[in-house]
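1. A predicted structure for the sequence below; I have some questions about it.
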Amino acid sequence: MKILIADDDPLVCQSLQVLLSREKDMEVIATAHNGAEAIASCQSTLPDVVLMDIQMPVMNGIQATRQIKQDWPEVRVMMLTTFQDEQNIRLAISAGAEGYLIKSIEVSSMAQQLRTLFSGSTVLDADVLRRLTQPEKDELKKLTPREKDIVELVAQGLSNREIAEELFISEGTVRNNVSVILEKLQIRDRTQLAIYYWRKS
């Protein structure tokens, strides 16, 4: 997994580079100190995952994420920040970030979350998500028990294949159920579905 680290604190970049490089399946291929540098690095290195801070000079992480996802939609973006407020969470996800972690996370846990993100799943810090406003309880009545089970597993970051194995159903059935759930709840994608789950938990 090729990783780009974008953070305006050189010490943070250096520390993460050293620690993540110890993981056998990870390589930090570049660092950037603002959003504009992150975009330029994506163009020259095309990383698999970007670890993106929010508050940076020149261009912040949310602006950079939006541009990166527009130009290189296959690049996965993990926000890594000290900000836990609802506005930044919503803005980051709206910009296209597939993950949102707080900098206090242990590096071993971060490495595992990066693997989860790289595999195609959404990674959202539960403590952060609980800060979001609770949705209307009546919305939950739209879901069948099986659909509620699937929502819970999506929120845990499981892929369709993993959900299928967990519930002993086909991957196609999971895919169809997820589409029905999104339609019922008028939710755009799996990331928003995960947020929905954590809001009501």
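-> Done, it's in.
2. elements contacting the one helix or strand residue 29 maps to?
-> Secondary-structure assignment from DSSP states H and E places residue 29 in strand 27-32. Here strand 27-32 touches strand 2-6, helix 10-21, helix 35-45, going by 3 or more C-beta pairs under 8 Å, 6 or more residues apart in numbering; DSSP states H and E. The C-beta positions use only the backbone N, C-alpha and C, and glycine is treated the same way.
3. quick one: buried residues of the last one?
-> This means helix 35-45. 35-39, 41-42 (16 or more other C-beta atoms under 10 Å).
4. return the member of the helices and strands packed on strand 27-32 having the minimum mean pLDDT.
-> Ranked by mean pLDDT, the helices and strands packed on strand 27-32 bottom out at helix 10-21, which scores a mean of 92.
5. tell me the first helix or strand C-terminal of the helix or strand of the chain with the lowest mean pLDDT.
-> Of all helical and strand segments in the chain, the minimum by mean pLDDT, DSSP states H and E falls on helix 126-129, at a mean of 64. Per DSSP H and E, the first helix or strand lying C-terminal to helix 126-129 is helix 145-155.
6. contacts for that following helix, please.
-> Contacts of helix 145-155 with the rest of the structure, by C-beta atoms under 8 Å, 6 or more residues apart in numbering, involve 122, 124, 140, 143, 162-163, 166-167, 174, 177-178, 180-181, 184, 190, 193-194, 196-198, 201.
7. the helix or strand just after that helix vs helix 145-155, what angle?
-> Remark: after helix 145-155, the chain's next helix or strand is helix 160-167, criterion DSSP H and E. For helix 160-167 against helix 145-155, the angle by axes from the mean of the first three to the mean of the last three C-alpha atoms, to 10 degrees is 130 degrees.
8. just confirm residue 63 is within a helix.
-> Yes - the assignment for residue 63 by DSSP: H, G, I helix; E, B strand; the rest coil puts it in a helix.
9. where does pLDDT dip in the chain?
-> 85-86, 126-140, 199-201 (pLDDT under 70).
10. residue 164 and residue 3: what is the separation?
-> Per C-beta to C-beta, to the nearest Å, residue 164 is found 29 Å from residue 3.
11. burial count for residue 16?
-> Residue 16 has 21 neighbours, counted by other C-beta atoms under 10 Å.
12. count of neighbours near residue 89?
-> As a burial measure, residue 89 scores 23 neighbours (other C-beta under 10 Å).
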